[in-house]
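Undergrad: fold the following for me, if possible:
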Amino acid sequence: MASQARAPANSFKSSEPSPRAYLVGGGIASLAAAVFMIRDGDMLGHDITILEQSGKIGGSLDGAGSAQDGYVLRGGRMLESKYLCTFALFSSIPTLDESQTVTQEITQWNETMHTSSDSRLFRDGHRQTAPKFGLSEKHILTLERLALEPERLLDGSTIADQFDAAFLQTDFWFMWCTTFAFQPWHSAIEFKRYLERFIHMVDGFNRLRGILRTRYNQYDSMVRPLHKWLEARGVRFEMNTRVTDIGFTQRDGKSCVENITVHRSGATAEITVRPQDHVLITLGSMTEASTLGAMDQAPALGSKTDGGAWTLWEKIAAGRPEFGNPAVFADHIDQSKWVSFTTTLHNPTMLRLIRDLTGNVPGEGGLITFPNSSWLASIVVPHQPHFIGQPEGVDVFWGYGLAVDKIGDFVKKPMSACSGREIMTEILGHLRITAEAATILESCICIPCMMPFITSQFLPRERGDRPAVLPIGTQNLAFIGQFCEVPDDVVFTVEYSVRSAQLAVYGLLGLQLVPPAVYKGKFDPSVLAKAFRALHDIGA
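TA: Take a look at the predicted model:
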């Protein structure tokens, strides 16, 4: 964090124009940055412009659809109590009905709806309650070594490089990889960071204890309140506006953004950036080029040229190693893709059967994984309604598969080539639901979603592949989101995006503020003792 410190921003007399901010990308990182600029930096809302290439705000924290056409969630990020930046941000954001803050709502909701899975794994038609981890002493020693080993010794290394093949068949791995979406070929550095970041959750991990949920989906519960708060303060949202280039000049020996090229309404335009202005760019995108299928249609596989996020990063990083290496993350779709699906149910049969099979009511159990699934498929049944305005008698659940190019067990096709009907047939097969299967299929809408880059942030990397939030040698520029480097914290979380935004704003505006420190449970003896017992299946 110290390496990203900057001299305070120039002060301006009241007669001089106030600084403006341009935020490239409309995801949670940009929304958070705009809040911090207004709340902590005293910027005026109308001086902040968010440029978003799509027609909807929120980035990966999306939620859309209807009961008639089917609801869609590309995914949902887990929350937990140590997301200090996230909860600090939302402590000043009212809920949509303005009855309390978003942080208060999440806290109160989870006091009532405790996550405690009675069926974390589901094998051969039977639930497994609190499965044992099944780790050997060698596996545990490797986990302990990784927690202690400096990251520089793991540059370019994968999870499979660190463990033997038997580790990848343990129930610990099945639960770990599906909770966080890790693959054996993913970065050992990211795996290490997750071990350290969530060590306080190892005890109870086989029941998903400690995981927090929002009352509704994260778009309705988090993004919409943020959007409303920012709009009320005059923040400008320029939608359907793709940033295609960033122009730089040299000032006082540093690179400084002087213009932003955008494409909108079929025309190209240029935004002039003054020396006192700030530019924050969300690098890359987990959900770029996502495509939807339908009940009888598989989703297509997109590429980095189907959107602007990756191509913009490639353009500005060319010849500038301090801006990172986007190819590491964008050029390996076969290693970063998977398929999620959202199913809208117009008949209560399936959720009733899942309740009786798993022992959990909707919203209580969290992720249910089928470890014998060739697709390594999982589902989660949230509390209903999951969308604001979702009609009574309509239910929604979500699922995904990690091994999308493997042939299914009940549908002899790879998941990547399956329609919603075929995916539902596979899930019903693993649940051993047969007699009611036809009725369920006739009354549901399952919409699959192919995401080429969804775990691209986990791909093996080396130092420098992710640029600093405040790039060395620049003056009015910051990078935010999942593909900049935030020491100690973990990608694929809301917290990472919010923390990056906080670091960016405090640095660019020269504020004498710092984000809350990343929680480090490895220095708490009681946490370590509980983790030790859990890893050894003591008391399981």
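
Undergrad: distance between the strand or helix carrying K192 and the chain's centre?
TA: Here K192, judged by DSSP states H and E, is contained in helix 188-197. In this view, helix 188-197 has its centroid 16 Å away from the chain centroid, taken as CA atoms, centre = their mean, to the nearest Å.

Undergrad: for that helix, which helices and strands make contact with it?
TA: helix 137-148, helix 159-162 (3 or more CB pairs under 8 Å, 6 or more residues apart in numbering; DSSP states H and E). Placement of C-beta: from N, CA and C, glycine included.

Undergrad: can I get those in a markdown table including distance to V24 and mean neighbour count?
TA: Formatted as a markdown table, those follow (distance: least, CB to CB, whole Å; neighbours: other CB atoms under 10 Å):
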| stretch | distance to V24 | mean neighbour count |
| --- | --- | --- |
| helix 137-148 | 35 | 15 |
| helix 159-162 | 32 | 18 |
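
Undergrad: for those, give me TSV that also has mean pLDDT and distance to E52.
TA: Listed next are those as TSV, based on pLDDT from 0 to 100; distance: least, CB to CB, whole Å:
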stretch	mean pLDDT	distance to E52
helix 137-148	96	38
helix 159-162	98	34
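
Undergrad: can I get these in a markdown table including distance to Q183?
TA: Shown next, in a markdown table, are the helices and strands packed on helix 188-197 (distance: least, CB to CB, whole Å):
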| stretch | distance to Q183 |
| --- | --- |
| helix 137-148 | 17 |
| helix 159-162 | 8 |
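
Undergrad: the helix holding K192 versus helix 137-148: what angle between them?
TA: Counting by axes from the mean of the first three to the mean of the last three CA atoms, to 10 degrees, helix 188-197 lies at 90 degrees to helix 137-148.

Undergrad: what does helix 188-197 contact?
TA: 82, 143, 146-147, 149, 151, 154-155, 157-159, 161-162, 180, 182, 457-458, 460-461, 488-491, 518-522 (CB atoms under 8 Å, 6 or more residues apart in numbering).

Undergrad: just the buried ones from these, in PyMOL syntax?
TA: Applying 16 or more other CB atoms under 10 Å to the contacts of helix 188-197 leaves a buried subset, and the PyMOL line that selects it is:
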select buried, resi 82+143+146+149+151+154+157+158+159+162+180+182+457+458+460+461+489+490+491+518+519+521+522
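
Undergrad: how many residues are close by I538?
TA: Under the neighbour criterion other CB atoms under 10 Å, I538 is assigned a count of 9.

Undergrad: and if you look at L153?
TA: When neighbours are defined as other CB under 10 Å, L153 has 9 of them.

Undergrad: how much space between F133 and P362?
TA: Computed as CB to CB, to the nearest Å, the F133 to P362 distance reads 27 Å.

Undergrad: try G507
TA: Taking CB to CB, one finds G507 at 43 Å from P362.

Undergrad: which one's more surrounded, the two?
TA: Between G507 and P362, counted using other CB under 10 Å, the more crowded position is G507 (22 against 18).

Undergrad: may I ask which helix or strand encompasses that one?
TA: Counting by DSSP H and E, G507 is found in helix 494-508.

Undergrad: following that helix, which helix or strand comes up?
TA: helix 525-535.

Undergrad: what comes up buried for that following helix?
TA: 527-528, 530-531, 534-535.

Undergrad: spit out the contact partners of L513.
TA: Going by CB under 8 Å, 6+ apart, L513 touches 40, 506.

Undergrad: for the closest residue in space to G302 that isn't next to it in sequence, what are its contacts?
TA: Closest residue in space to G302, ignoring its immediate chain neighbours: A289 at 3.0 Å, by CB to CB, 6 or more residues apart in numbering. Residues in contact with A289 (CB under 8 Å, 6+ apart) are 302-304, 306-307, 452-453.

Undergrad: and the helices in the stretch 301-450 of the chain?
TA: 309-317, 327-330, 333-336, 349-358, 420-430, 437-443 (DSSP state H, counting those that start in this stretch).

Undergrad: distance of the residue nearest to G302 from L230?
TA: Noted for A289: a distance of 27 Å to L230, by CB to CB.

Undergrad: ok, now how distant is V490 from I260?
TA: Counting by CB to CB - V490 and I260 are separated by 30 Å.

Undergrad: which other residues reach stretch 309-325?
TA: 24-25, 53, 243-246, 255, 281-285, 288, 304-305, 326-327, 330, 453, 464-468, 471-474, 479, 483-484.

Undergrad: can you give me the end-to-end span of it?
TA: Terminal residues of stretch 309-325 are spaced 14 Å apart (CA to CA, to the nearest Å).

Undergrad: centre of the chain versus it, how much separation?
TA: Relative to its chain's centre, stretch 309-325 lies at 22 Å (CA atoms, centre = their mean).

Undergrad: re the thing from before, filter the contacts of stretch 309-325 to the buried ones?
TA: The neighbour-count criterion (16+ other CB under 10 Å) marks 24-25, 53, 243, 246, 255, 281-285, 288, 304, 326, 330, 453, 465-468, 471, 474, 479, 483-484 among these as buried.

Undergrad: and these, which of them are in helices?
TA: Within the buried ones among the contacts of stretch 309-325, membership in helices is found for A330, as judged by DSSP state H.

Undergrad: contact partners for the spatially closest residue to I281 that is not a sequence neighbour?
TA: The shortest distance from I281 to any non-neighbouring residue, by CB to CB, 6+ apart, is to V24 (4.4 Å). Listed by CB under 8 Å, 6+ apart, the contact set of V24 reads 30, 51, 243, 260, 279-282, 312.

Undergrad: okay then, goodbye and thanks.
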